[in-house]
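1. Pasting the sequence and the predicted model now:
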There are 2 protein chains.
Amino acid sequence: MPRVFLAHPPELGQTIWVDGDEGHHFVRVLRARIGEQVAVVGSGVACLARIVEMDKQAGAFALLPERVLPSHESRVPVYLIQGLAKGDKIDSIIQQATEIGVAGFLLLETERSVARVEPRRAEAKLTRWRRVAREAAAQAQRDVIPSVDLAVTMVDAARWLQSRSVGSPFLLDEAETSHGLRAAVAAVRKREDKAAMAVVVGPEGGWSDAERREWARACDAVPVTLGPRILRTETAGPAAVAAILYELDELGG
Amino acid sequence: MPRVFLAHPPELGQTIWVDGDEGHHFVRVLRARIGEQVAVVGSGVACLARIVEMDKQAGAFALLPERVLPSHESRVPVYLIQGLAKGDKIDSIIQQATEIGVAGFLLLETERSVARVEPRRAEAKLTRWRRVAREAAAQAQRDVIPSVDLAVTMVDAARWLQSRSVGSPFLLDEAETSHGLRAAVAAVRKREDKAAMAVVVGPEGGWSDAERREWARACDAVPVTLGPRILRTETAGPAAVAAILYELDELGG
């Protein structure tokens, strides 16, 4: 069923007009018709709605939410902080982790990031990545579009984590050989059962020692291992998020 | 550390000559030198070895295994049966699931597979997919190269599963809403703690009802859900394998 994303939660019995890109997409591309059912979602609330009016000229249509749908979202938000990587790897990471159920992304320039984002191109990049997240959220039938942000310093990352109430993010680190993801998740849940979590994945070249110290100092990050096999940066994030959501009974658990 | 794959387990103190593609790769491409350390692996046994002789002319070199390395493999084999999907999706699935730790792949033509493998092209396709598995295994520091096979009927799939001692594979199915992966894994482990497992992922269009019945009848497959979010075929397999290996304490557990 097609999905319409709103900036606010839909309310039962309250007609909603949709225009702009989304209106155009439904009216011109999907050729939606009056009477058709769609899901309308906003701020994590999803409703089954019916199309009750169309303005083909303007590329707009009106929806009437008829009943609330069960949530498709994890009760515990799990974030992904990803070191900037080359080419379209970031697209693929955002797409897969959005399907799996991540709450939001922070893309971070790191010491060994080969890819950099020039300040004047940052907005264009973010627009592109947010479009990837939106399309993946629609396809995966998410009730929220994961947020996508960009940071260039560890101080920004620390502030970002704090604003999302994440303590002790899990720093995936090849140098860590004993402390596993399970123990790290258990430690966070012991402090607070529904606490938000974040997993931090380095770029292709991994972390420098200075960065490891800085993660511990600035963000209270705990190094964790995913075991003895070496996962590429584009596989590690989605795999770690899948494992965490599974552990939390939020991925077929 | 570079990894040399053998068809047989390496033995301590027994010199091994490596030629062919692998010899060429180390001598000509990596420009390996006498005295250099490499990992040599075969049939799940990994040893630290030293290069003791080189024949640059022939593109060959000799290795002396010096000590056994800790295993990088899951104690329980987890297989992935993947419905044939379009384009290079299969490459990406093989690459990611190999890194995560899958024991082997069966690619299966299904009713809704848009991609088909013409019989005369099957060998070429398999060669390509096996190369992807080999390269991913080397990069991920695996001790085995996952096997890659192709089947066109459910009877072939049933035989393949039987030959690998897999009972009740887990059929990922959007139509299943309550029976999760965790319960399915627990049921297999209850019967036999170290039993091999397999997860079955449909192509882009999912399963037909006839196929669902056939999976249950021919292979004793159990339908499972990964939760309410819809994962694309190229995300579902790696995510499910990550969750299973995590559950088995084989992925940072």
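-> Noted; the coordinates are in hand. Residues are numbered from 1 along each chain as shown, chains lettered A, B, ... in the order given.
2. what ranges do the helices span in the stretch 1-150 of chain A?
-> A:20-24, A:89-100, A:122-139 (DSSP state H, counting those that start in this stretch).
3. Columns mean neighbour count and mean pLDDT on top of these, output as CSV?
-> C-beta coordinates here come from the backbone N, C-alpha and C atoms, glycine included. As requested, the helices of the stretch 1-150 of chain A are exported to CSV (neighbours: other C-beta atoms under 10 Å in any protein chain shown; pLDDT from 0 to 100):
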stretch, mean neighbour count, mean pLDDT
helix A:20-24, 15, 91
helix A:89-100, 25, 98
helix A:122-139, 17, 95
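4. Kindly tell me how buried residue A:43 is, as a neighbour count.
-> 12 (other C-beta atoms under 10 Å in any protein chain shown).
5. distance of it from chain B?
-> Distance, residue A:43 to chain B, by C-beta to the nearest C-beta, to the nearest Å: 17 Å.
6. ok, for that residue, nearest residue in space, not its chain neighbours?
-> Leaving out its chain neighbours, the residue that sits closest to residue A:43 by C-beta to C-beta, 6 or more residues apart in numbering or on different chains is residue A:9, at 4.5 Å.
7. same question, residue A:174
-> That would be residue A:206: by C-beta to C-beta, 6+ apart, it lies 6.0 Å from residue A:174.
8. quick one on the thing from earlier: figure out which of the helices of the stretch 1-150 of chain A is closest to residue B:51.
-> Closest to residue B:51 of the helices of the stretch 1-150 of chain A, according to C-beta to C-beta: helix A:89-100, at 33.1 Å.
9. For the closest one, which outside residues touch it?
-> With C-beta atoms under 8 Å, 6 or more residues apart in numbering or on different chains as the test, helix A:89-100 has contacts from A:80, A:82, A:84-85, A:105, A:107, A:115, A:128-129, A:132-133, A:135-137, A:139-140, A:142, A:146, A:148, A:233-234, A:237-238, A:241-242, A:245, A:251, B:229-232, B:235, B:238-239.
10. Stretch A:48-55 near chain B anywhere?
-> No - with C-beta under 8 Å from any C-beta of the partner chain as the criterion, chain B is not reached by stretch A:48-55; the gap is at least 14.2 Å.
11. What residues sit buried inside that stretch?
-> By 16 or more other C-beta atoms under 10 Å in any protein chain shown, the buried positions in stretch A:48-55 come out as A:48, A:49, A:51, A:54.
12. likewise stretch A:140-148?
-> Buried, per 16+ other C-beta under 10 Å, within stretch A:140-148: A:140, A:141, A:142, A:143, A:144, A:145, A:146, A:148.
13. from those residues, which is closest to residue B:2?
-> Nearest to residue B:2 among the buried residues of stretch A:140-148: residue A:148, at 36.7 Å, using C-beta to C-beta.
14. Check the closest one and give its pLDDT.
-> With respect to pLDDT, residue A:148 scores 98.
15. ok now do it, which residues does it touch?
-> Contacts of residue A:148 (C-beta under 8 Å, 6+ apart): A:94, A:104, A:105, A:107, A:126, A:129, A:130, A:133.
16. could I get these as TSV with distance to residue B:73?
-> Below are the contacts of residue A:148 laid out as TSV (distance: C-beta to C-beta, whole Å):
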residue	distance to residue B:73
A:94	31
A:104	34
A:105	32
A:107	33
A:126	40
A:129	36
A:130	39
A:133	35
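17. Only the C-alpha atoms, please, for stretch A:12-23, written as PDB.
-> Provided in PDB are the C-alpha atoms of stretch A:12-23 (Å, rounded to 0.1, in the frame of the first residue of the first chain):
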ATOM      1  CA  LEU A  12      -8.800  10.300  12.500                       C
ATOM      2  CA  GLY A  13     -11.600  12.100  10.700                       C
ATOM      3  CA  GLN A  14      -9.500  15.200   9.800                       C
ATOM      4  CA  THR A  15      -9.100  15.700   6.000                       C
ATOM      5  CA  ILE A  16      -5.500  16.300   5.000                       C
ATOM      6  CA  TRP A  17      -4.600  18.000   1.700                       C
ATOM      7  CA  VAL A  18      -1.300  16.700   0.100                       C
ATOM      8  CA  ASP A  19       0.400  18.800  -2.500                       C
ATOM      9  CA  GLY A  20       4.000  19.500  -3.600                       C
ATOM     10  CA  ASP A  21       6.300  16.700  -4.600                       C
ATOM     11  CA  GLU A  22       4.200  14.000  -2.800                       C
ATOM     12  CA  GLY A  23       0.900  15.300  -4.300                       C
END
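18. No further questions, thank you.
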